[in-house]
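Asker: Structure for this input, please:
(2 chains)
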Amino acid sequence: MNRKDNSITNGRYYVISAIIVVIIIVLISQLFNLQILKDEYKDSADGNAFFKKTLYPARGTISDRNDRLLVYNQPTYDVVYIPREVQPFDTLDFCNILGITKDDFRKRIENIKDRRLNRGYSPYTLQTFMTQLTVREYGLLQEKLYKFPGFYVQNRALRQYDYKNAAQILGYLAEVDEETIKEDRYYARGDHAGKTGVESSYENILRGKKGVEILLRDAHGRIKGKYENGIHDIAPVSGKNIQLSIDIELQAYGEYLMRNKIGAIVMIEPETGEILCLVTSPTYDPSMLLGRDFKENYKELERAPNKPLLKRALQGTYPPGSTFKTAQGLVFLEEEILTPETMYSCAHGYPPGGGRPKCHGHGSPLPLVPAIATSCNSYFCYGLNAMLSNRKKYSTILDGFEVWKNHMVSMGFGYRLGVDLPSEKRGFIPNSQYYTNAYKRENWHAQNIISIAIGQGEITATPLQIANLGATIANRGFYVTPHIVRQIQDTVIDNKYIEKRDPSIKDGHYEAIVQGMANAVTGGTCRGINLLPEIAVGGKTGTAENVHGRDHSWFMGFAPVEKPKLAIAVLVENGGFGATFAVPIARLMVQKYLKEEIPASEKWLEERMANAVVLPNHFSTWQVRKEIPTVNTDGASESIEE
Amino acid sequence: MVQRREDDNVKGSVDWFILFMYLFLVLAGWFSIYGASYDYENVTSMFDLSGRAGSQLQWIGISLVLGFILLKLDSNLYDIFAYFVYAFLILLLIVTIIAAPEIRGSRSWLVITNSIRLQPAEFTKFAIALALARFMNAYNFRLLTFKNLSIIFLMIALPMILIFLQKETGSALVCTAFILVLYREGLPGFVLFSGICAIILFILGLKYSEVDAGFLTLGECFSIGFIILATAALAISFRKDIKNALFIVGGASVYFGICYLIQQLGVDVNWGLMCIIALTVLVIILLVIAKKEWSKTYLFLAVFAVVSIIYVSSVNYVFSDIMQPHQQTRIKVSLGMEDDLMGAGYNVNQSKIAIGSGGLSGKGFLNGTQTKLKYVPEQDTDFIFCTIGEEQGFIGSAVVLIVFTILILRILFLAEKQKNAFGRIYGYSVASILIFHITINVGMVIGLLPVIGIPLPFFSYGGSSLLAFTILLFIFLRLDMNRKRR
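Answerer: I've put the predicted structure just below:
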């Protein structure tokens, strides 16, 4: 080549070199983009290669205060699949094994693929096709699993109940919904979590911690062993076992007595605040909300007219009636409106002369102790009037009422007590503003609201709050927040359930109330629970008027009077006088707990109570079918007419 | 005596720089193949001859011996036997078409024994390079004559067609790499420029061919914009006419700017119509300038603009009516128009996942999960770069690309220093073939280019490929030895 040619083409050496360098820069830029800038490929790679097998921990068991196992686990099986790995298979055979129709099958698959319903859907990850196979279905499927590529069976645990009682306390497990998954990353679709009851409030303790096993999976979906010999695997941590404070036999007995009645029994150990039983009626068998029948049974329970899913013991709010007079007495004593010696006369009502509220026949005038024992309405109306009209102490009625309200709140009314169960209601204690709004003026009079003196009117409380009042009186001036969990394995329970709380009433004032309640049993309104000479009981009945029908039958009490071991509240909706149902049921419960056996001489009472039917007129077919095989209709009509 | 002198000279005059880079790449390839074919359940040694890595080691040994022999041969032999080698390979290609059984859709394998199979297409590259070098090395050779250009065209096209007939599209396309050599030897830059324009217009036209913009597709609108820019660039290049170029580009900017403003005011602009007007005005302006300045160049530019737009509109036709559906899909996937992850896009998606998951420093040798678990297909041959990307990360893959670049630049540098055209042309051929292979292969693996199966030089598993690249490179090393000796 001559020089001339070279001079023309010499620059081209640089052009070609530049082209090469530019090409390589483009390639390296794309590598930079893929390897450094974008994160998504790492996840895709992990999704490709890692088959993350969830290892489910054993859920904690639940036992009662005497270590009787209430809830434990039984093995069950879930059908899961990885959409990407599924190859055509005999759907009909598959459906037959699982006992579903082809339409069910198609619908399930569609629902799983629908990202609106199943936000975490990915064709690369395990999707839950069906949960809780029966042992028979599991056996059949396991045998033929090789015919259904992409489908796997996963072991899970299902709850098992040894008692048919305490359903509302225990709660149940249900598949987590999308909301829950979004809020708590712990859960994946198909996981179960506690709904209501202890299962829900102690979910984090009971559930333990899921583990994971990382397996390698090749492009054909074959498992190629553990990733790095399992050093990244995480072993599951079992849930902690929980001991409840309830005595399951007492609970069962309470549920037995309350059958065919609507209401609640709450028994508390006053010293510790431990709930000994928390009966809500009607109730249901916890095994109903288990396994594959869950949905169907749940719907049925939801539809049932007397709402068995409602936890009346802590969700039902009722006018407390005369049981509230004890709290009134305490407030009057504390505010020095009266002394135990202060006497008021009663002329069959307040204001005197047959006014409202009416009162029944008893000696008059009378001091505080017999006023409680005989449940004199007038006495407490005078008391409340004296308090709210005391302009020396309180400049306005509003001030006086606020003082009154604050004392009530300090005894646990008007706000949630904070029991360790979900959906507790707070009841209602109005404040002065409430009445100002209601009467549209500030200078309303004590007479306007006089019915709250006897636990009527606007005031409502839950049976738990009433039981807690009983416990406070039994303790002569303190209570421990009622709670259902007594011990947690390897954990101390919340300080909240150990500390003593002091209402704003000086301890010395309680003795008069205790005396009144003791006298009520020995010679007052609740003679029906007189267990002397064996057990001295203090009690207070209540007959709560309500707009929905017959009066509610209340009893609040504690026993023994000295060194009390229990405080109890019994409520029977539409049960009439406190003495009619609440007192005898409390009598049986107290004996059951303190003596463990009901004496033969009282079997008749037990039968009478258990067989009594006190239900609203829309007597439910559900109740007949599920609860009582034989209905004692004679007893029913008798007790309702009474 | 003569024999001894030659021996000393190999040691003293061979370019050790290239030799070391060759060894580095081949050994890196060997490790990558071991990594790519590694099986968790059935671990074999790197030296186990029944395994892929062991087999490749065998080929590396054979290549080194062959390379040494090539270095020992008289350099004049290459010149003398150039046409003979070329003719022999053409014959071999023909025989292959007739005799080769169909293996994975292609008829390119010549089965000698059960274990030895040869792919003649791989060896065609150095044969063309030798023949071209010999032809263009002729005394007083002038490239830009019709006769010479025709002969060169035939020399390249003949084997290309034969390889196409074997259904080895990738290897056939490699032959187009020689355009760089011709450019170096005096082919007008306009040809290269047109080639690049053709590729850009092809991509622009297709990528946006499914978006409607009035009378035209959005792709055609973009193409017109590009044609305007290219015309202005040519005006500068041919005539140093910066004023006219600025007038064209500036005018177009103002025109499209006004259109954009009108659209912002809420008027529906028919972009297709606007582009047709723009192109028509451009052609008229070019013709006016051509007449005023009595310039053939501007007439030529007007023709360029018209031919370009005809080309753009025919691309769509060729694409949808002539190309095979699987080729269409591959192109669509690489242009990002389709996301066929379970079908045609699967390979590339998996290979991007493997490389992307390598991160900065990679997962470490033999720790790549994607390649080990066979998510990437063809991972020890065409997709070998995935193993490097996954296990050595960005650093490792960038190092490999940089070593390749240095190797190619070194070859170009040495080619320019050759005392005769034969060595220079051969050197440029080697460099062009290497950069073409790397661009197509790596571009495909990282999702920039459509899936075209060609090996990564020195890395991909396979004796034919390794031997062919070794011969290609070592002949140049031998030619280069002359430079120092004299």
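
Asker: neighbours of the residue of the stretch 251-400 of chain A found nearest chain B, just the number please.
Answerer: Ranked by Cβ to the nearest Cβ, the top residue of the stretch 251-400 of chain A for proximity to chain B is A:Arg292, at 35.0 Å. C-beta: built from backbone N, CA, C; applies to glycine. Applying other Cβ atoms under 10 Å in any protein chain shown, we find 16 residues neighbouring A:Arg292.

Asker: Quickly note the distance from it to A:Glu137.
Answerer: 10 Å (Cβ to Cβ, to the nearest Å).

Asker: same thing with A:Ala347?
Answerer: From A:Ala347 to A:Glu137 the distance is 75 Å (Cβ to Cβ).

Asker: More neighbours: these two, which one.
Answerer: Using other Cβ under 10 Å as the criterion, A:Ala347 and A:Glu137 rank with A:Glu137 on top: 18 against 14.

Asker: give me the element that one is part of.
Answerer: helix A:135-144 (DSSP states H and E).

Asker: Contact residues of the stretch 51-200 of chain B facing chain A?
Answerer: Within the stretch 51-200 of chain B, the positions adjacent to chain A are B:Leu180, B:Tyr183, B:Arg184, B:Glu185, B:Gly186, B:Gly189 by Cβ under 8 Å from any Cβ of the partner chain.

Asker: Excluding chain neighbours, what is closest to whichever residue of the stretch 451-600 of chain A sits closest to chain B?
Answerer: With Cβ to the nearest Cβ as the measure, A:Asp490 is the residue of the stretch 451-600 of chain A nearest to chain B, at 38.4 Å. Spatially, and ignoring its direct neighbours in sequence, A:Asp490 is nearest to A:Lys240 (6.2 Å; Cβ to Cβ, 6 or more residues apart in numbering or on different chains).

Asker: Could you pull out the strands in chain B for me?
Answerer: B:110-111, B:117-118, B:212-213, B:216-217 (DSSP state E).

Asker: Mean neighbour count, the ones you listed: which tops it?
Answerer: Stretch with highest mean neighbour count among those: strand B:216-217 (a mean of 22; mean count of other Cβ atoms under 10 Å in any protein chain shown).

Asker: Which strand or helix spans A:Tyr12?
Answerer: In this structure residue A:12 is Arg, not Tyr. helix A:3-32.

Asker: Run the chain-centre distance for that helix.
Answerer: For helix A:3-32, the separation from the chain centroid amounts to 77 Å (computed by Cα atoms, centre = their mean, to the nearest Å).

Asker: and A:Gly457, how many neighbours does it have?
Answerer: The tally of other residues near A:Gly457 (other Cβ under 10 Å) stands at 16.

Asker: what's the distance between B:Val10 and chain A?
Answerer: Distance, B:Val10 to chain A, by Cβ to the nearest Cβ, to the nearest Å: 27 Å.

Asker: and A:Leu158, how many residues sit next to it?
Answerer: Number of residues near A:Leu158 (other Cβ under 10 Å) recorded here: 17.

Asker: Nearest to chain A: which residue in chain B?
Answerer: Closest point on chain B to chain A, by Cβ to the nearest Cβ, is B:Gly356, at 2.5 Å.

Asker: Name the nearest residue to that residue, sequence neighbours excluded.
Answerer: A:Tyr41 (2.5 Å).

Asker: What's the per-residue pLDDT of the one you found here?
Answerer: pLDDT for A:Tyr41: 84.

Asker: so where does it fall, helix or strand?
Answerer: Using DSSP H and E, A:Tyr41 falls within helix A:40-49.

Asker: before we move on, what about A:Lys592?
Answerer: helix A:582-595.

Asker: okay, that helix in PDB with CA atoms only?
Answerer: Output of helix A:582-595 as PDB, limited to C-alpha atoms (Å, rounded to 0.1, in the frame of the first residue of the first chain):
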ATOM      1  CA  ALA A 582     -80.100 -14.700  90.000                       C
ATOM      2  CA  VAL A 583     -80.000 -15.500  93.700                       C
ATOM      3  CA  PRO A 584     -80.600 -19.300  93.400                       C
ATOM      4  CA  ILE A 585     -78.200 -19.600  90.500                       C
ATOM      5  CA  ALA A 586     -75.600 -17.700  92.600                       C
ATOM      6  CA  ARG A 587     -76.300 -20.000  95.500                       C
ATOM      7  CA  LEU A 588     -75.500 -23.000  93.400                       C
ATOM      8  CA  MET A 589     -72.400 -21.400  91.900                       C
ATOM      9  CA  VAL A 590     -71.000 -20.400  95.300                       C
ATOM     10  CA  GLN A 591     -71.500 -23.900  96.600                       C
ATOM     11  CA  LYS A 592     -70.100 -25.400  93.500                       C
ATOM     12  CA  TYR A 593     -66.900 -23.400  93.900                       C
ATOM     13  CA  LEU A 594     -66.500 -23.500  97.700                       C
ATOM     14  CA  LYS A 595     -67.800 -26.900  98.400                       C
END
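
Asker: rewinding a little: may I have the secondary structure class of the closest residue to the residue of the stretch 251-400 of chain A closest to chain B other than its chain neighbours?
Answerer: The shortest distance from A:Arg292 to any non-neighbouring residue, by Cβ to Cβ, 6+ apart, is to A:Gln132 (5.4 Å). Assigned state for A:Gln132: strand (three-state reduction, DSSP: H, G, I helix; E, B strand; the rest coil).

Asker: what's the neighbour count on A:Gln132?
Answerer: 19.

Asker: For the chain, give me the ranges with low pLDDT.
Answerer: In the absence of a named chain, chain A is used. Along chain A, segments meeting pLDDT under 70 span A:1-10, A:119-120, A:220-222, A:353-354, A:617-642.

Asker: nope, chain B please
Answerer: Across chain B, the ranges flagged by pLDDT under 70 are B:1-9, B:40-41, B:336, B:338-344, B:484-486.

Asker: Next up, the contacts around the most centrally placed residue in it.
Answerer: Centroid check for chain B by Cα atoms, centre = their mean gives B:Phe436 as the closest residue, at 2.4 Å. For B:Phe436, the contact set (Cβ atoms under 8 Å, 6 or more residues apart in numbering or on different chains) comprises B:Leu173, B:Val174, B:Thr176, B:Ala177.

Asker: distance of the second one from B:Phe126?
Answerer: To tie it back to what came earlier, the one meant is B:Val174. From B:Val174 to B:Phe126 the distance is 11 Å (Cβ to Cβ).

Asker: Please say which of those two ends up with more neighbours.
Answerer: Set B:Val174 next to B:Phe126 and count neighbours by other Cβ under 10 Å: B:Phe126 wins out with 26 against 23.

Asker: Any figure for the gap between the closest residue to the more buried one other than its chain neighbours and B:Ile128?
Answerer: Distances taken as Cβ to Cβ, 6+ apart put B:Leu472 closest to B:Phe126, at 4.3 Å, once the chain neighbours are dropped. As judged by Cβ to Cβ, B:Leu472 and B:Ile128 stand 10 Å apart.

Asker: So for the two, which sits in the more crowded spot?
Answerer: Counted by other Cβ under 10 Å, B:Leu472 and B:Ile128 do not tie: B:Ile128 has more neighbours, with 26 against 22.

Asker: I figured that one was touching B:Ile156, is that so?
Answerer: Yes. With contact defined as Cβ atoms under 8 Å, B:Ile128 reaches B:Ile156; the gap is 6.2 Å.

Asker: what touches both of the two?
Answerer: By Cβ under 8 Å, 6+ apart, B:Ile128 and B:Ile156 have these common neighbours: B:Cys175, B:Phe178.

Asker: Might one say that B:Tyr34 is in contact with B:Ala53?
Answerer: Yes. In this structure, B:Tyr34 is within contact of B:Ala53 by Cβ under 8 Å, at 3.6 Å.

Asker: Can you work out which residues contact both of the two?
Answerer: Residues touching both B:Tyr34 and B:Ala53 (Cβ under 8 Å, 6+ apart): B:Met46.

Asker: That concludes my questions; thank you for your assistance.
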